[in-house]
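*Asks:* what would the 3D arrangement of this be:
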Amino acid sequence: MAGNTEYKELAFLSAIPVLIYLNSITGDFVHDDIPAIVNNPDVTGSSVFSNLLTSDYWGENIHNSRSHKSFRPLTILTFRFTASVFGLSPVWYHLLNILLHSVVSTLLYKLAVSRLGLSKTSGAVGSLLFSLHPIHTEAVSGIVGRADLLTCVFMLASFYTATNCSQDPYSASSLSQGPYTEIVSYMCALLALMSKEIGITIIIINISFLLITRYKAVGWRHILANLSILMFLTFARVTYNRTLPTFIDQDNPASHEKNVLTRMRTYVYLGVFNLNQLLCPDNLSYDWQMGSVPLVHSFLDWRNLQSLLLCALISGIGYQMFARPRKISRSEDSRNSLVFAALFLIIPYLPASNLFFQVGFVAAERILYVPSIGFCLLVPIGLRKLRFLLRKGRSERLERLLDVGLCITLLAFGGKTFTRNFAWNSRISLFRSGLQSTQNNAKIFYNYGNLANEHGNTNIAKLCYKEAIRLWPTYVIAWNNLATLSDNDTEIEILLRKALLLDPSHTTSLFNLADLYRQRSDYKKAVYYLSICMKFRECQHEKADRLLSECKREIRRQTKRRPNDETISVREL
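*Replies:* Sure, this is the predicted structure:
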């Protein structure tokens, strides 16, 4: 009977995420799905299989200077397998994402109860909160979020095999027995790393958990083994990149801020921003670049107070983690669960915090998928302690209100997630949702302008490009795209020259300006700008070479007609 009950519990908890995300299954490829899957030769099979080991997540050679250095061959392998069996039908990609999210939710419950010693009620609350949390819509409904789903599965599996918290945490026999379980744990960590870069943090989580909760039982051999593997994998991963990725200021304005204090204040506040997204996910967006989160320039900015509160909260959790418990309950060891939740909340977030190296985004909802595991377990841990205090004070009415509040929160999260899934169904719905949520983000307007232009809505596209430029005056590609929509040659020239003034190496603007001069029969200027364009790797050399040949041919023809024509000078340009 007990076994049947457990199966029913697991079946229920695994069904909830499937039901809540079922409406996302009809969604199309949107946003990052297009470069990572649709246009990625490593996924479609147009490249050799071995390219999976030399390409980044977007199909670019990882040793190329343009690469983002996101080496995730296992995730790409799942995309490639799906493409080989079902083609580029998004239904099957969505289905696997939903199933992976269901696996993570079920694993979280199993781990909370059998490894962390939480009660079934607390474990179920944590699992349901994780299943229904709206912050996960980008990772689950957006197909490229597969990387976060996969790495989370393997991280939880690694922790599950590395530790056994259901026994006395101060007993040496509670450690994983035998070398095979350790090997399985390390293999899961390696698979997590091959799914996404943050997977390597599970080794830090595992050894930190053992040191904090079982410092008397953990031997030096175990510590050195974990540290050696961590250092080896880190060294191998970093050296494989050869160089660090490079990002521009519009990707992450804070990391390009010259004032160190402003930069650090903003970095700390971004932690507050992400925590707010977990606490109250009322305003979600598919993009948080550019001016979405203003920099914290002044000490008097009220957001600094929130940053101080965050530091105080982390310090309080840290104190509770390291404080020796007065009494250890075998039925529900709150210290073990608190340590696990804090480690999962903080450590996987650190690689995206900008504190150690620059990242290519301000904030992204899918990077919170793994850290949210810690958050979703902290909630039932806090509720259990609060309920204990209420029972102690005999406040039964307040305790019932607490239960009602929890139910309302779960229903609200479920409703928000279900409706948010519709935003990820198509590019139109996604880009429109961005206009409503982050109206100070220039990229949101730029993307919607591109979409409007594709559908022939030139006037709307012009308005969007102009708004993007107003919000971000150095937005070179917006200047370029606005020029392509103009019917006035003089205006086109002014806009393209403005773009090149901001970025002289912008190949698209160089090519478009050269093409403008070609249409004006000013072939010498066209040759001049095409020659500059072709010096850069980003140039579409085939098109540029064809246009250059045409211009040179016309110049020779004109020279034959007027042999005494003077050559053009750089000053004229």
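
*Asks:* residue ranges with poor pLDDT in the protein?
*Replies:* 1-3, 164-179, 216-217, 323-333, 393-394, 561-573 (pLDDT under 70).

*Asks:* helices of the stretch 401-550 of the chain, start to end?
*Replies:* For the stretch 401-550 of the chain, the helices defined by DSSP state H, counting those that start in this stretch occupy 427-437, 442-454, 458-471, 476-484, 489-502, 507-519, 523-533, 541-561.

*Asks:* ok now the longest one, how far from the chain's centre?
*Replies:* Looking back up the chat, that one is helix 541-561. The chain centroid and the centroid of helix 541-561 are separated by 46 Å, computed with CA atoms, centre = their mean, to the nearest Å.

*Asks:* report the buried residues of it.
*Replies:* Within helix 541-561, the residues scored as buried using 16 or more other CB atoms under 10 Å are Ala544, Leu547, Leu548, Cys551, Glu554, Ile555. Every residue, glycine included, has its C-beta placed from N, CA and C.

*Asks:* and stretch 116-124, by the same measure?
*Replies:* So, applying 16+ other CB under 10 Å, buried residues of stretch 116-124: Leu116, Gly117, Leu118, Ser122, Gly123, Ala124.

*Asks:* what about that stretch, how long is it end to end?
*Replies:* Criterion CA to CA, to the nearest Å; first-to-last residue distance in stretch 116-124 is 13 Å.

*Asks:* how far does it sit from its chain's centre?
*Replies:* That offset, for stretch 116-124, works out to 29 Å (CA atoms, centre = their mean).

*Asks:* for stretch 93-111, same thing?
*Replies:* For stretch 93-111, the separation from the chain centroid amounts to 18 Å (computed by CA atoms, centre = their mean).

*Asks:* in it, which residues are buried?
*Replies:* 93-98, 100-111.

*Asks:* over to stretch 431-451?
*Replies:* Here stretch 431-451 shows 431, 433-435, 437-438, 441-451 as buried, counting by 16+ other CB under 10 Å.

*Asks:* can you say which helix or strand has the nearest residue to Asn259 once chain neighbours are set aside in it?
*Replies:* Distance criterion CB to CB, 6 or more residues apart in numbering; nearest residue to Asn259, sequence neighbours excluded, is His297 at 7.6 Å. Assigned by DSSP states H and E, His297 belongs to no helix or strand.

*Asks:* gap between His297 and Thr262?
*Replies:* 5 Å (CB to CB, to the nearest Å).

*Asks:* repeat that for Ile25.
*Replies:* On the measure of CB to CB, Ile25 and Thr262 end up 44 Å apart.

*Asks:* next: Ile428.
*Replies:* Shown here: Ile428 relative to Thr262, a distance of 37 Å by CB to CB.

*Asks:* before we move on, what about Leu338?
*Replies:* For Leu338, the distance to Thr262 - CB to CB - is 34 Å.

*Asks:* which of the two has more neighbours?
*Replies:* Each of Leu338 and Thr262 has its neighbours counted (other CB atoms under 10 Å); Leu338 has more, 24 against 16.

*Asks:* wait, doesn't the more buried one sit right on Gln320?
*Replies:* Yes: if you go by CB atoms under 8 Å, Leu338 and Gln320 touch, sitting 5.8 Å apart.

*Asks:* what count of nearby residues applies to Tyr529?
*Replies:* 25.

*Asks:* give me the nearest residue to it, chain neighbours excluded.
*Replies:* Ala514 (3.9 Å).

*Asks:* can you tell me which residues contact the one you found?
*Replies:* Lys525, Ala526, Val527, Tyr528, Tyr529, Leu530, Cys533, Ala544, Leu547, Cys551 (CB atoms under 8 Å, 6 or more residues apart in numbering).

*Asks:* rerun at 7 Å
*Replies:* Shown in contact with Ala514 (CB atoms under 7 Å, 6 or more residues apart in numbering): Ala526, Tyr529, Leu530, Cys533, Leu547.

*Asks:* I figured the last one hits Leu530, correct?
*Replies:* Translated: Leu547. Yes: Leu547 is within contact range of Leu530, at 6.1 Å (criterion: CB atoms under 7 Å).

*Asks:* now the spatially closest residue to Leu116 that is not a sequence neighbour: how far from Gly318?
*Replies:* For Leu116, ignoring the flanking residues on the chain, the nearest one in space by CB to CB, 6+ apart is Ser337 at 4.3 Å. Applying CB to CB, the value for Ser337 to Gly318 is 15 Å.

*Asks:* what do you get for Pro294?
*Replies:* Using CB to CB, Pro294 is found at 29 Å from Gly318.

*Asks:* please apply the same query to Leu300.
*Replies:* According to CB to CB, Leu300 and Gly318 sit 28 Å apart.

*Asks:* same question for His101.
*Replies:* 30 Å.

*Asks:* ditto for Gly126
*Replies:* From Gly126 to Gly318 the distance is 21 Å (CB to CB).

*Asks:* what about those two, which has more around it?
*Replies:* Counted by other CB under 10 Å, Gly126 and Gly318 do not tie: Gly126 has more neighbours, with 30 against 12.

*Asks:* what about that one, which helix or strand?
*Replies:* Here Gly126 is assigned to helix 120-132, by DSSP H and E.

*Asks:* give me the residues contacting the following helix or strand past that helix.
*Replies:* Helices and strands here follow DSSP H and E; after helix 120-132, the next one along the chain is helix 137-141. The contact list for helix 137-141, computed with CB under 7 Å, 6+ apart, reads 21, 24, 27, 97-98, 101, 145, 148-149, 284, 286, 365-366, 369, 417, 420-421, 424.

*Asks:* which residue ranges of the stretch 1-150 of the chain form helices?
*Replies:* So, for the stretch 1-150 of the chain - with DSSP H, counting those that start in this stretch - the helices run 2-20, 33, 41-44, 73-86, 90-114, 120-132, 137-141, 146-162.

*Asks:* could you dump these to a markdown table with distance to Leu471?
*Replies:* Shown next, in a markdown table, are these (distance: least, CB to CB, whole Å):
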| stretch | distance to Leu471 |
| --- | --- |
| helix 2-20 | 35 |
| helix 33 | 26 |
| helix 41-44 | 33 |
| helix 73-86 | 33 |
| helix 90-114 | 32 |
| helix 120-132 | 34 |
| helix 137-141 | 22 |
| helix 146-162 | 29 |
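
*Asks:* tell me which of those helices sits most buried.
*Replies:* Among these, helix 137-141 has the highest mean neighbour count (mean count of other CB atoms under 10 Å), at a mean of 27.

*Asks:* just how off-centre is that one within its chain?
*Replies:* On CA atoms, centre = their mean, the centre of helix 137-141 falls 10 Å from the chain's centre.

*Asks:* cool, and stretch 522-534?
*Replies:* Centroid separation for stretch 522-534 versus its chain: 40 Å, with CA atoms, centre = their mean.

*Asks:* ok so, going back, among the helices of the stretch 1-150 of the chain, which is nearest Arg391?
*Replies:* helix 120-132 (14.3 Å; CB to CB).

*Asks:* counting contacts, what elements does that closest one pack onto?
*Replies:* Contacts defined by 3 or more CB pairs under 7 Å, 6 or more residues apart in numbering; DSSP states H and E place helix 120-132 against helix 2-20, helix 90-114, helix 371-392, helix 396-423.

*Asks:* convert the C-alpha atoms of the shortest one to CSV, please.
*Replies:* Read it as helix 2-20. Only the C-alpha atoms of helix 2-20 are listed here, as CSV (Å, rounded to 0.1, in the frame of the first residue of the first chain):
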residue,chain,number,x,y,z
ALA,A,2,2.8,2.4,0.9
GLY,A,3,4.4,1.7,-2.5
ASN,A,4,1.2,2.4,-4.4
THR,A,5,0.7,5.6,-2.5
GLU,A,6,4.2,6.8,-3.4
TYR,A,7,3.6,6.0,-7.0
LYS,A,8,0.4,8.0,-7.0
GLU,A,9,2.1,10.9,-5.4
LEU,A,10,4.9,10.9,-8.0
ALA,A,11,2.4,10.5,-10.8
PHE,A,12,0.4,13.5,-9.5
LEU,A,13,3.5,15.7,-9.2
SER,A,14,4.8,14.7,-12.6
ALA,A,15,1.4,15.3,-14.3
ILE,A,16,1.0,18.9,-13.0
PRO,A,17,3.9,20.4,-15.0
VAL,A,18,2.7,18.5,-18.1
LEU,A,19,-0.8,19.9,-17.8
ILE,A,20,0.2,23.4,-17.1
